[in-house]
Structures are given as structure tokens and as C-alpha cells.
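> predicted model, plus sequence, below.
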Amino acid sequence: MGQHRGESGARGISKGPLIALGLVAVIVLGVVFWFQLRDRIADQGMAAAGACVEGDSVLAIAADPDIAPQIQTLADRYTATEPVIRDQCVTVMVTSVASDTVRDALSAGADSPWDTELLGPAPALWIPSSSHSVSQIPVDGLVNGEARPLATSPVVLAVGPDFEGALTDAAVDWGDLPSLQMGRDSVPPLGMALPEGPGAESTEMAVESIAATVTGSASGPVTEEQARSTPVMSALSGLVLGYEAVPGTKPATTRDALAALAAQGDPTTAGIHAVAATEQQVYQTLRETPGTDLTAYVPKGPTPVADHPAAILAGQAVDETQSRAAAQFAEFVRQPEQARVLADAGFRVDGLDHPGDTALTFPGFESALVPADAAAATELMQVVQNPITERSSTVLLDVSSSMGDVDGSATRLENTTAALAARLDQSPDTLNLGLWEYSTNLNESRPYNILVATGPVSAGGYIEGTRREALNNRLARVESATGSATYVSLEAVYKSAVDRYTPDRINSVLLITDSGNDDNSVTSADLLASIAETFTPSAPVRVDVVSIGQNPDLDTLQAVADRTGGSLEQVASSDGPELPTALDKLMS
């Protein structure tokens, strides 16, 4: 008889479910362990970063003095956030240094090492007054990316309220300032200060606006060709010469000029009536000297703007951490709560109101000036530093046979007339100029010819049109002749210049020669005696000399120059830069 299996003992438990349950438990525990391990690794990473395992990094900033105090405040705030970049703790060091000083140092490139004693640590971030400075650095790749503005401030004329009213009524533009400076359209003259020392970038920007307005540009930039043009050179020369005539000490910086303007009494008797400065500089002057009677006038035309860009610099002195820190700090400054610091200091910041604790209004302006490049800006400042003075000058040109000798790729005479023509093209319309030539036997009675009588180069009445055009035409047609009659010709032209003396100008004779005197009718002693007799203290005419090559009469010509208050420039060749440089010196 068969038996049921259950009758022999207890039923057994299957092993399969137990194994499955164990596997699930292991997986769950593994997942839990993994998440705990991941969180621990993350916590350790964060702790390592917070501990700055790669050490410390200093972000060096060079900031223009106008904005440096506010940048220092914001740098302290930024450092207080304990920023960590690439496992390095970042701190910020701000050095206040004039924009043009940093610009010149950066422009020198690798040829001139960074002067840490004068300029502070080599910066990874540069905050100049304006993109005007950035555009003038000729070194490619020095600025990493685009230098974006942090805060702006237009360049204005700081003036007294009465003067501001007169300028407003006359709708004065930037191009009017040279005439006002020379007193041609106002009494007393404008008296616009033109500081050129470090910290006078507003002068450079104002000069660009004057040049842009004179050339009819709505917004710039001024080109190198425009900077060399006669209208621009004439306008800037007039601006500088008018300022040189202002009595008293000339301020070296914009802030010095503002302080002088603020401290002076009766503006009708003061020498300085206006200062080109940023609106923020005027605002700061009013805050620092309560009760000062100053306001701001914005001339019509393209207005230069100090936009205080954040220029992140590249180079061996800037590592990746500093570069990232510079970008991060710039964005930190742009946050509204941080930018408020700049707005409260008188800067213009988009979206934020201007402070109202001074009487200064914040006027609008027609258009912002696009900054010129390095080459054009350099040309403009060369005119400011070496203005073309108002002259009445007669050129006495040697056309003897030796001037027909080849110098380089052309004759001496061709090189000389080309250099004179180039100088003439750069001369203002206010210049009085004449041209004589001399050799021997040029006509029946004398060894010289008067090609163009001395007078204003803008005057008409010539076949070619103006005297300027007549001078260019005669220069192109002169030819070398025979011998040299230097002494008799110089004696004649000097007497003519004294007889035709023009007051309120530098009156001069410019002798250009390459050879000794061949005409014995007038000796060296005769010439010196004649010059001494003709010289008139009340109508002084100077004799300037350009001697090309080896001239046996050099001692005599030097004596003539010395006795009349002139100068002698000796050049080895008519080919190359020496001759044009000498002409620039003696005709400016």
C-alpha cells in the first residue's frame, strides 16, 4: 500500500526565493553605500577647494585715479566673498596710476620691463579712464577679448556759470574753441587750460573732438591723414599758442587745472576760464570744495567719453587663474548693487540715477566720439606739443650747380623742394611765406629772383589761385643754375624782411644752401656788418640756416644766425629724414 510524502515528516523550504532576497538586499546596500561614498567625495572636494589646495592668487589691478577709490571699495567687497578659482583663494590688489602712464608702459612691450616701483605689480586687469587709452596701444594681443565699459563720464568744459551761459547762447562747438582761445571771437580770450602731464587724458580726448569737428566728422575716429591736414594743424596750433599767451603758472594735470579754476576769483581777470575734464572730475571737485562756483558745458559735436573699460591683459605675467579672476571681478562690479558705488561717485551707470548732492547738472550730448588709433593720436599730440607758430618767413633757396648733384634717388634740389612742399602742405592758412632763389647771373642786375613775395599763404591774386598754390608751382619748377652768391643774396633778403616786418609774429629768413659763397663783391665781414646795421630791435628778424653737406662758409652763417637770434641746422644729406626734421624745427 503506497504512502503519501507528507506522512513521513515536515515539508522543506525552497532555496530560490532566499537567494533572490539576499541579492536584492546586497544591491540596496550597495546603492546606499555608493551614494554615501559619492556625497563624501563631493564633500571632500568642496572642503579641498575651500581650503585652496593650490594656494593663493593675487589679482593685480591698475586703475585710473578717478575711479581707483571706488574700485578699491569694490575689491574689498569682492575679496570678502572669499572667491576660489581653480582651487586658489583670490585676493585683489588695486594700484592707482594714471591711464597715460600705464598706456605708455604697455606700449613699450617686451623691450621695456614693467617698473613695479613706479607702477605697482604688473596688472592682470587695467581700468583706464577711457577706451581712448586702450586704442592707442600698438601691441597686438595685449588685451584679452573686448574691453567693456564699467561706467562712463563725458568730457565737458568746466566753466563758471556766466561763461557757461555765453557759450550756450553762442552754441559753441568743439571746432570753435581754437578761435575763442586766440581771442578772435571773444574778449577776453577763452583761456582753456591744456595740461599735458600724466593724468591729463581729458586734454588728449578734447583735442580729438576738436580735430573731428574741424574735419566735419560726426563721430570720428580722426584718421592719421586728417591729423596731418592743414585745417587740423592750424586749429590745434592756435589752441596751444593762445594758451601759451595766458599769464601765470600752467597746471600740469587736469585736477590741478580744476583746482586752479575753482580757487580763482573774478573770472574776467583770471587767466584760465575753462578746463576740459570729465563730468565726474567736475562733480568730484564740487564735492571736495563746497561752495565752488563751477558748472559743465558740453560743446556741440562729437563728445569724447571716458568709459573706464575693464581691459583684461594677456602675457607671461598673467596666468589662467588671474585672467578668470579679472573677468569675474569685472562682472561683479557691473552688478547693480556694486555699480551703485560708481554712480554715487558721479559716474554714469545705465539704469542708475545720478546723485543729487551738488548743483552740477548732467547734460546730454549729441554723439560719442570714436577714439582714434595710436598713429593718429600721436600725430595730434605732436602738434599740441610742437605747435606751428604764427610766422612771417621768407625762404632763400640756393639753386647753384651743386644743388643739382644726386643725393639718394634724386638731386639735392629735388629733395629740398619736395621737403619744402610737404611742409607747406602742413602749414596753417595764417602763415606768411615767400620764396626767393639765388645763384649767379640769374638776371642782368642781381643774382637772385623773387619767385613769390612774402604774404599770407591763403591770399589770392595769383594765376594758380592762392599764394600757397603759387608757392607749390614755383617749387616744382626751380632748376639748378651756376655759381653761388650767398652773401649778397642774404644781405638783400634780410633788408627786405626788416622793411616788411609784420608785428605780432615771428619774422624770419630761412636760408637753405649746400655751397660756399662764390661772389667776392660782398665779403664775410661785409655781410656781418650789413646784418648788424640792418638789425632793428623793435622789428627783429631772425636768420635761420639749413646747411646741407660740408659748407666752407659755416662759421659765417653761424655768426649771422647767432647775431639775429636764429638757429643753424647742419644735415649730412638732403636724402632721408634729417632735412624734413630741420625744416619742421625752423618753420614751426
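Received the coordinates, thanks.
> from here on, contacts and neighbour counts on C-alpha atoms
OK.
> for the host helix or strand of Glu437, which strands pair with it and how are they oriented?
Here Glu437, judged by DSSP states H and E, is contained in strand 432-438. Sheet partners assigned to strand 432-438 using DSSP bridges are listed as strand 391-398 (parallel), strand 448-456 (antiparallel).
> check the offset of it from the chain's centre.
Distance, stretch centre to chain centre, for strand 432-438: 35 Å (C-alpha atoms, centre = their mean, to the nearest Å).
> Ser567 and Ser547 touch, don't they?
No: using C-alpha atoms under 8 Å as the test, Ser567 is too far from Ser547 to be in contact (10.9 Å).
> who's more crowded, the two?
For the pair Ser567 and Ser547, the greater number of neighbours falls to Ser547 (25 against 20), based on other C-alpha atoms under 10 Å.
> could you confirm that one falls within a strand?
Yes: assignment of Ser547 by DSSP: H, G, I helix; E, B strand; the rest coil places it within a strand.
> not counting its neighbours along the chain, what's nearest it?
Gln570 (4.8 Å; C-alpha to C-alpha, 6 or more residues apart in numbering).
> contacts only, for that neighbour.
Shown in contact with Gln570 (C-alpha atoms under 8 Å, 6 or more residues apart in numbering): 546-549.
> mind listing what the nearest residue to Thr486 once chain neighbours are set aside touches?
Here the nearest residue to Thr486 in space, its sequence neighbours aside, is Asn517; by C-alpha to C-alpha, 6+ apart that works out to 5.2 Å. Neighbour list for Asn517: 484-487, 553 [criterion: C-alpha under 8 Å, 6+ apart].
> roughly how far apart are Asn517 and Thr523?
9 Å (C-alpha to C-alpha, to the nearest Å).
> so what's in contact with the two at the same time?
Tyr487.
> show me where the stretch 251-400 of the chain has strands.
274-278, 295-297, 302-303, 305-306, 309-312, 367-368, 391-398 (DSSP state E, counting those that start in this stretch).
> deepest-packed of the strands paired with strand 432-438, please.
The highest average neighbour count among these, using mean count of other C-alpha atoms under 10 Å, belongs to strand 391-398 at a mean of 25.
> neighbouring contacts of it?
By C-alpha under 8 Å, 6+ apart, strand 391-398 touches 431-439, 454-455, 484, 486, 490, 493, 497, 502, 505-514, 587.
> following element in sequence after that strand, please.
Next along from strand 391-398, by DSSP H and E: strand 406-407.
> each with direction, which strands does that following strand pair with?
Assessed with DSSP bridges, strand 406-407 is paired to strand 410-411 (antiparallel).
> off-centre distance for stretch 312-328?
27 Å.
> oops, could you answer that again for stretch 109-127 instead?
Distance, centroid of stretch 109-127 to centroid of chain: 20 Å (C-alpha atoms, centre = their mean).
> can you check stretch 438-453 too?
Using C-alpha atoms, centre = their mean, the offset of stretch 438-453 from its chain centre is 46 Å.
> same check on stretch 322-341?
28 Å.
> any buried residues in that stretch, and which?
Residues of stretch 322-341 classed as buried by neighbour count (16 or more other C-alpha atoms under 10 Å): 322-327, 329-330, 332-334, 338-341.
> for the protein, what helix or strand is lowest in average pLDDT?
Least confident helix or strand of the chain, by mean pLDDT, DSSP states H and E, is helix 16-50 with a mean of 48.
> what's in contact with stretch 317-326?
With C-alpha under 8 Å, 6+ apart, stretch 317-326 has contacts from 57-59, 85-86, 88, 90, 122-125, 312-314.
> Thr536: which of those is nearest?
Checking these against Thr536 with C-alpha to C-alpha, the nearest one is Ala122 at 58.8 Å.
> state the distance from the closest one to Val493.
59 Å.
> likewise Thr430?
From Thr430 to Val493 the distance is 22 Å (C-alpha to C-alpha).
> chain neighbours aside, what residue packs nearest to Pro580?
Ala419 (5.6 Å).
> how about low-confidence regions in the stretch 251-400 of the chain?
265-270 (pLDDT under 70).
> now the helices for it?
254-263, 279-288, 320-334, 336-344, 374-385 (DSSP state H, counting those that start in this stretch).
> need those helices in a markdown table with distance to Val399, can you?
Shown next, in a markdown table, are the helices of the stretch 251-400 of the chain (distance: least, C-alpha to C-alpha, whole Å):
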| stretch | distance to Val399 |
| --- | --- |
| helix 254-263 | 50 |
| helix 279-288 | 57 |
| helix 320-334 | 64 |
| helix 336-344 | 66 |
| helix 374-385 | 31 |
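> burial of Gln316, as a residue count?
Gln316 - counted by other C-alpha under 10 Å - has 6 other residues nearby.
> mind starting the numbering at 41 from now?
Okay, using 41 as the starting number, the last item reads as Gln356.
> which SS class is Ser97?
With three-state DSSP as the criterion, Ser97 reads strand.
> next: Ile552.
Criterion first, three-state DSSP; result for Ile552: strand.
> which ones are touching it?
Counted by C-alpha under 8 Å, 6+ apart, Ile552 has contacts 435-438, 585-588.
> how about Leu230?
217, 220-223, 312-314.
> measure Gln378 to Arg540 for me?
Distance from Gln378 to Arg540, by C-alpha to C-alpha: 68 Å.
> related to what we said a few turns ago, per-residue confidence at the residue nearest to Thr526?
As predicted, Asn557 sits at a pLDDT of 96.
> just checking, Val549 is part of a strand?
Yes: according to three-state DSSP, Val549 belongs to a strand.
> could the strands of the stretch 291-440 of the chain go into JSON lines alongside distance to Thr253?
Output for these, formatted as JSON lines (distance: least, C-alpha to C-alpha, whole Å):
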{"stretch": "strand 314-318", "distance to Thr253": "16"}
{"stretch": "strand 335-337", "distance to Thr253": "17"}
{"stretch": "strand 342-343", "distance to Thr253": "7"}
{"stretch": "strand 345-346", "distance to Thr253": "15"}
{"stretch": "strand 349-352", "distance to Thr253": "25"}
{"stretch": "strand 407-408", "distance to Thr253": "12"}
{"stretch": "strand 431-438", "distance to Thr253": "25"}
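> closest to Leu326 out of these?
strand 335-337 (8.9 Å).
> and the closest one, which strands flank it?
strand 193-199 (antiparallel).
> what's the following helix or strand after the strand it pairs with?
That would be, after strand 193-199 and using DSSP H and E, helix 201-209.
> list the contacts of that following helix.
By C-alpha under 8 Å, 6+ apart, helix 201-209 touches 313, 333-337.
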